[in-house]
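what's the 3D shape of this:
(3 chains)
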Amino acid sequence: MYFNEDNPEKENLGESEKKIESLEEKICPDGSIIYDNVTGEMICSSTGEVVSRIIDYRQEWRAFTPEEREKRSRTGGPLTPVMHDQGFMTSIDYVDRDASGKKLSPRRRYEARKLRKYQAKARMQISIERNLALAIDELEKLSEALNLSKAVKQRATEIYRRAIEKGMVRGRSTENVVAAAIYLASRELGVPRMLDEIAKHTNCSRKDIARCYRLLLRELNLKVSSVDPADFVPRIAHALGLGGAVMKEAIDIINTVRSLGITSGKDPAGLAAAAVYIAALKHGERRTQKEIAQVAGVTEVTVRNRYRELATVLGFREEEVV
DNA sequence: ATGGTTTTTACTGCGTC
DNA sequence: GACGCGGTAAAAACCAT
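Numbers count the residues shown, from 1 in each chain, chains lettered A, B, ... in the order given. So this is what the prediction gives:
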């Protein structure tokens, strides 16, 4: 069992998501379009042909509170000033005397103190910026390897920034936190990457990333709804060269089964894998359990177990379809 | 720390190509 | 015989208490 929050309802989506939906209707009136969130292709489920490639209209950041919205809008002047001037770093002596050794007046002392305080803050800012720049480098490389969308990248950056502002990176490897941020961001945006997949491209173990991910959730007070198994379907089907019709079928299977309680507590990738297996069978495009398990990131055994459950619930028998 | 649930690992038998 | 599939037992992983 991976994540057993049980939250079947979809988060309501932003304005721009609606734009995509209306686009779907325009192209295919029966609504049977599948959006492949890996390639960004729209696929007609009846013919399986790629209808169009679309770009992601969504903002690459999300705001949960008005303050955040304010903070993340990039129009207008920068709210967190970046210090270019190294000369600004000249430290102000902690002795309350001026250059000639004379004691400062109370007024000037106050000002000096204020300046020191501001300077400390600025120094902090700079160290954060420097670390962030390094992290963004790593993040860029990783998301390149993982084919991540801009939105996910941006969100991951935001998450990392908040993590570092909380001082969470100290004592942890940057790579680890970056990986966790990416994992978190990809889940938030409904394009989940699997832990193993991320771990494969880093020097971090899956466990480390998972631990770090949990920490991020806790420290930043973030809440992520459980992964929708259907989100995995396009990835799996695509990797096996299966068409849109099979994807649609698999998603249908998941949706009909969703309410029956079989899904809770189970690895969503396993369920998606089994659904694709059945869907492929139904369409006479058999793929072996081994193949599916491999691309889904689960074991054959898990595929089998989910398959068995699905088959009994759906009353599915292989002989029925040829 | 402990227990309960789930996945993984490893191994076996059976049927088919 | 190799391969796909189904099953099982024991280990490992995960979450909650």
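
from here on, contacts and neighbour counts on C-alpha atoms
Fine.

can you tell me the closest non-neighbouring residue to residue A:233?
Nearest residue to residue A:233, sequence neighbours excluded (Cα to Cα, 6 or more residues apart in numbering): residue A:272, at 5.7 Å.

give the contact list for the one you found.
Listed by Cα atoms under 8 Å, 6 or more residues apart in numbering, the contact set of residue A:272 reads A:229, A:230, A:232, A:233, A:250, A:254, A:296.

the last one: neighbour count?
For residue A:296, the number of neighbouring residues by other Cα atoms under 10 Å comes to 26.

angles on the backbone of whichever residue of the stretch 101-250 of chain A sits closest to DNA strand B, please.
Proximity of the stretch 101-250 of chain A to DNA strand B (Cα to the nearest atom of the strand) peaks at residue A:196, 9.2 Å away. Torsion angles at residue A:196 (phi, psi; degrees, to the nearest 10) stand at phi -60, psi -40.

ok, it - contacts?
A:206, A:297.

can you name the residue of the stretch 51-200 of chain A nearest DNA strand C?
For the stretch 51-200 of chain A, Cα to the nearest atom of the strand, closest residue to DNA strand C: residue A:195, 8.8 Å.

confidence score at that residue?
With respect to pLDDT, residue A:195 has a value of 85.

so which residues of chain A form helices?
Using DSSP state H, the helices of chain A run over residues A:15-27, A:66-72, A:106-146, A:150-165, A:174-188, A:195-200, A:206-219, A:233-239, A:244-258, A:268-282, A:289-296, A:300-314.

could you check the angle helix A:150-165 makes with the longest one?
Our comparison of helix A:106-146 with helix A:150-165, counting by axes from the mean of the first three to the mean of the last three Cα atoms, to 10 degrees, yields an angle of 140 degrees.

shouldn't residue A:263 be in contact with residue A:270?
No: the pair residue A:263 / residue A:270 is not scored as a contact, 9.8 Å apart, by Cα atoms under 8 Å.

with neighbour numbers in mind, choose between those two.
Applying other Cα under 10 Å to residue A:263 and residue A:270 shows that residue A:270 carries more neighbours, namely 27 against 20.

up against DNA strand B, what does chain A have?
Contact residues, chain A versus DNA strand B (Cα under 7 Å from any atom of the strand): A:1, A:2, A:265, A:266, A:267, A:270, A:297, A:298, A:299, A:300, A:301, A:302.

show the buried residues in these.
Using 16 or more other Cα atoms under 10 Å as the burial test, those include A:266, A:267, A:270, A:297, A:298, A:299, A:300, A:302 as buried.

now the fifth one: closest residue in space, sequence neighbours ignored.
Right, the one you point to is residue A:298. Closest residue to residue A:298 apart from its sequence neighbours, by Cα to Cα, 6+ apart: residue A:270 at 6.2 Å.

any idea how far the one you found lies from DNA strand C?
Distance of residue A:270 to DNA strand C, given as Cα to the nearest atom of the strand, to the nearest Å: 14 Å.

can you check residue A:290 too?
Taking Cα to the nearest atom of the strand, one finds residue A:290 at 6 Å from DNA strand C.

how is chain A carved up into domains?
Domain segmentation of chain A under the TED database yields A:130-220, A:229-314.

and those domains, which is most packed in?
domain A:229-314 (a mean of 20; mean count of other Cα atoms under 10 Å).

ends of that one, how far apart?
Domain A:229-314 has its terminal residues 17 Å apart, counting by Cα to Cα, to the nearest Å.

which residues are in contact with residue A:142?
Counting by Cα under 8 Å, 6+ apart, residue A:142 touches A:179, A:201, A:202.

how near is the residue of the stretch 101-250 of chain A closest to DNA strand B to residue A:228?
Distance from residue A:196 to residue A:228, by Cα to Cα: 18 Å.

for residue A:147, same thing?
Applying Cα to Cα to residue A:147 and residue A:228 gives a distance of 20 Å.

now swap in residue A:314 and tell me
19 Å.

residue A:227 is in contact with residue A:192, isn't it?
Yes: the pair residue A:227 and residue A:192 qualifies as a contact (Cα under 8 Å) at a distance of 7.3 Å.

so, low pLDDT: which residues of the stretch 1-150 of chain A?
A:1-102, A:104 (pLDDT under 70).

near DNA strand C, which residues of the stretch 201-322 of chain A?
Residues of the stretch 201-322 of chain A lying close to DNA strand C by Cα under 7 Å from any atom of the strand are A:206, A:207, A:210, A:286, A:287, A:288, A:289, A:290, A:301, A:304, A:305, A:308.

mind doing that once more with 6 Å?
Applying Cα under 6 Å from any atom of the strand, we find that the stretch 201-322 of chain A lies next to DNA strand C at A:207, A:288, A:289, A:290, A:301, A:304.

among the residues you listed, which pair sits farthest apart?
Pairwise distances across these peak at 28.9 Å for A:207 and A:288 (criterion: Cα to Cα).

right, and residue A:304 touches residue A:273 too?
No: look at residue A:304 against residue A:273 with Cα under 8 Å: they stay out of range, at 9.5 Å.

report the contact partners of the residue in the stretch 201-322 of chain A that DNA strand C sits nearest to.
Residue of the stretch 201-322 of chain A nearest DNA strand C, by Cα to the nearest atom of the strand: residue A:288 (3.3 Å). Residue A:288 makes contacts with residue A:277, as judged by Cα under 8 Å, 6+ apart.
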